[in-house]
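> return a 3D structure for these sequence lines:
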Amino acid sequence: PVFLSEPDVFKTLQLTPGVQVGTEGTSNIFVRGGDPGQNMVVIDDVPVYNTNHLLGFFSVVNSDAIKSCDIYKSGFPAKFGGRASSVVDLVLYDGNNQRTTGSAEMGILLGKFQIEGPLVKGKSSFNVAARRTFIDLFTYPISKLSNDGGMGYHFGDLNAKANYTFDLKNRIYVNFYYGNDKANVSEKSNKNETEQANSQAIAWGNTVASFRWSHLFARNAFVNTTLYHTSYHYGTQIKESYKSEAISENFDYKYRSGIRDLGLRSDFEMPILERFQFKMGVSSVIHQFNSGSHSYNGTRIDAETDFFVPDSLVHQSSASESTAYLELSGTLFPGLQVLLGGHSNYFSYGQEGFATFEPRAVLSYALSPQLSIHSTYTHMGQNIHLLTNASIGMPTDYWIPAQKQLGPEKAIQWAVGASWDAPEYRVTVD
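Below is the predicted model:
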């Protein structure tokens, strides 16, 4: 599916069974009764907190940068935790390590480019993809014709990934993403020796950066260690001014919210007896929450009567989260596939702590080369909550930590189903 000629991964996910659409035309997904805040979206194992551009009509995922996309609605692998409804696992394209290629597109409202190639031929590669809307180039000049102010909106994002192979056992990856939306409206008037000006600006976006080291111990036994930073920010500013011969007044209001993570994770994988795959891992992350900080300045504020004073009402906090998991998957006997695992988590906020254990199990049996049946059991927990307007992708959504008055979310899911594989299509029933 496309919007304004732009393919969108999340609009494709909306076509899969068990996924519902929010407001028509937007990219929000609601998986099996969950809300958007219960979906974990990870890009190269790094979580992304806001997935929308343009109030949800575009997602933050640029299709030119994506190598693969998997959605888990049940039977979650043990490595994933932290959300109650689903996991969307996105892997970025590494780039071509043999030759440099690229592409560019320019439309009426959107332009984008992509370039990939080797840094050191055969050993290193990069991929860069960027896009930007040109809505503001049309709306701002037109709006200025009717008044002395203006109105504009645009969004842009940048994906960049590079890797380098030192030898057969060691490889590093560097990943960076930046996306931002900005909208503003202003108005000015100058009548009867009186000057008046009003303006409002809103900006929101994500920043993701990660460094991963991949080390091969033996044949098909390896460990990936990732250090990452991810953040989401939202801010709005309102300015008003009034000036005449007798009086001069002004007002300036700012509001900010967001979330910022600094995390480290290590994932180990190795084969056992040629029929099984063993996985384990640990991770630790520090969450920093800004659940709404305000500042007020100007001559229009009366400290004795205005209820929103003091000037700074800051609601900032931090929490830590540690996880560990184990998973064993493989073939018990011909036709029967099994996955057994567990995900443990400890979340600490202030003087409060929450510990959870989340077992996972998947059984799949092939009745014939085309027909198979499966059964899954999943226990998921979520320690951070999204306060949201679920109808559209408003950037005013913000995250808060689990606490005594609002404990962690928990979800237990059983699922059974069957699938039929044909050469050109697949039919699945859950």
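
> give the next helix or strand downstream of the least confident helix or strand in the chain by mean pLDDT.
The helix or strand of the chain with the lowest confidence, counting by mean pLDDT, DSSP states H and E, is strand 312-313 at a mean of 38. Beyond strand 312-313 on the C-terminal side, the first helix or strand identified by DSSP states H and E is strand 316-333.

> now that following strand: average pLDDT?
Strand 316-333 shows an average pLDDT of 94 in the prediction.

> could you tell me how far it lies from the centre of the chain?
19 Å (Cα atoms, centre = their mean, to the nearest Å).

> in its sheet, what does it sit against?
Its sheet considered, strand 316-333 pairs with strand 276-298 (antiparallel), strand 336-349 (antiparallel) by DSSP bridges.

> tabulate those strands in JSON lines, adding columns for distance to Leu110 and mean pLDDT.
(C-beta placed from N, C-alpha, C; glycine too.) Formatted as JSON lines, these follow (distance: least, Cβ to Cβ, whole Å; pLDDT from 0 to 100):
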{"stretch": "strand 276-298", "distance to Leu110": "31", "mean pLDDT": "88"}
{"stretch": "strand 336-349", "distance to Leu110": "40", "mean pLDDT": "96"}
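
> helices along the stretch 51-200 of the chain, start to end?
Ranges of helices in the stretch 51-200 of the chain, per DSSP state H, counting those that start in this stretch, are 135-146.

> flag the shaky bits of it, pLDDT-wise.
For the stretch 51-200 of the chain, applying pLDDT under 70 flags the ranges 140-148.

> show me where it has strands.
Using DSSP state E, counting those that start in this stretch, the strands assigned to the stretch 51-200 of the chain run over residues 52-53, 58-59, 66-72, 86-92, 101-106, 110-118, 124-133, 150-165, 170-191, 194-218.

> list of residues touching the third one?
In this structure, residues lying in contact with strand 66-72 by Cβ atoms under 8 Å, 6 or more residues apart in numbering are 9, 12-13, 16, 19, 31, 80, 86-94.

> sorry, back to before: need the winner for burial among the strands of the stretch 51-200 of the chain.
Among these, strand 58-59 has the highest mean neighbour count (mean count of other Cβ atoms under 10 Å), at a mean of 27.

> got the contact list for that strand?
3, 6, 8-11, 27, 51-53, 155.

> nearest to Lys279, of those residues?
Val9 (25.4 Å; Cβ to Cβ).

> the closest one: neighbour count?
20 (other Cβ atoms under 10 Å).

> state the phi and psi torsions of it.
Val9 adopts backbone torsions of phi -60, psi -40, taken as degrees, to the nearest 10.

> I'd assumed Ala65 was in contact with it.
No - here Val9 does not reach Ala65: they are 10.3 Å apart, not a contact under Cβ atoms under 8 Å.

> ok, Thr133 - contacts?
Counting by Cβ under 8 Å, 6+ apart, Thr133 has contacts 54, 109-110, 153-156.

> same thing but 10 Å
Thr133 sits next to 4, 6, 53-54, 58, 107, 109-112, 153-156, 181 when contact means Cβ atoms under 10 Å, 6 or more residues apart in numbering.

> of those residues, which is the nearest to Arg132?
Each of the contacts of Thr133 was scored against Arg132 by Cβ to Cβ, and Gly156 proved nearest at 3.8 Å.

> tell me the bridge partners for the nearest residue to that closest one once chain neighbours are set aside.
Ranked by Cβ to Cβ, 6 or more residues apart in numbering and with sequence neighbours excluded, the top spatial neighbour of Gly156 is Arg132, at 3.8 Å. Using DSSP bridges, the beta-bridge partners of Arg132 come out as Gly111, Gly156.

> ok, Arg132 - contacts?
Residues counted as contacts of Arg132 (Cβ under 10 Å, 6+ apart) are 110-113, 154-158, 180.

> present the residues you listed as JSON lines; the columns should include distance to Ala221.
Compiled in JSON lines, the contacts of Arg132 are given as follows (distance: Cβ to Cβ, whole Å):
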{"residue": "Leu110", "distance to Ala221": "45"}
{"residue": "Gly111", "distance to Ala221": "45"}
{"residue": "Lys112", "distance to Ala221": "40"}
{"residue": "Phe113", "distance to Ala221": "39"}
{"residue": "His154", "distance to Ala221": "47"}
{"residue": "Phe155", "distance to Ala221": "43"}
{"residue": "Gly156", "distance to Ala221": "41"}
{"residue": "Asp157", "distance to Ala221": "36"}
{"residue": "Leu158", "distance to Ala221": "35"}
{"residue": "Asn180", "distance to Ala221": "41"}
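
> pick the one among those residues closest to Tyr398.
Closest approach between the contacts of Arg132 and Tyr398, by Cβ to Cβ: Asn180, at 17.1 Å.

> farthest pair within the contacts of Thr133?
So, the contacts of Thr133 by Cβ to Cβ: farthest apart are Gly107 and Asp181, at 18.2 Å.

> and which of the contacts of Arg132 is nearest Ser248?
Nearest member of the contacts of Arg132 to Ser248, counting by Cβ to Cβ, is His154, at 33.3 Å.

> I'm done for today, thanks for sticking with me.
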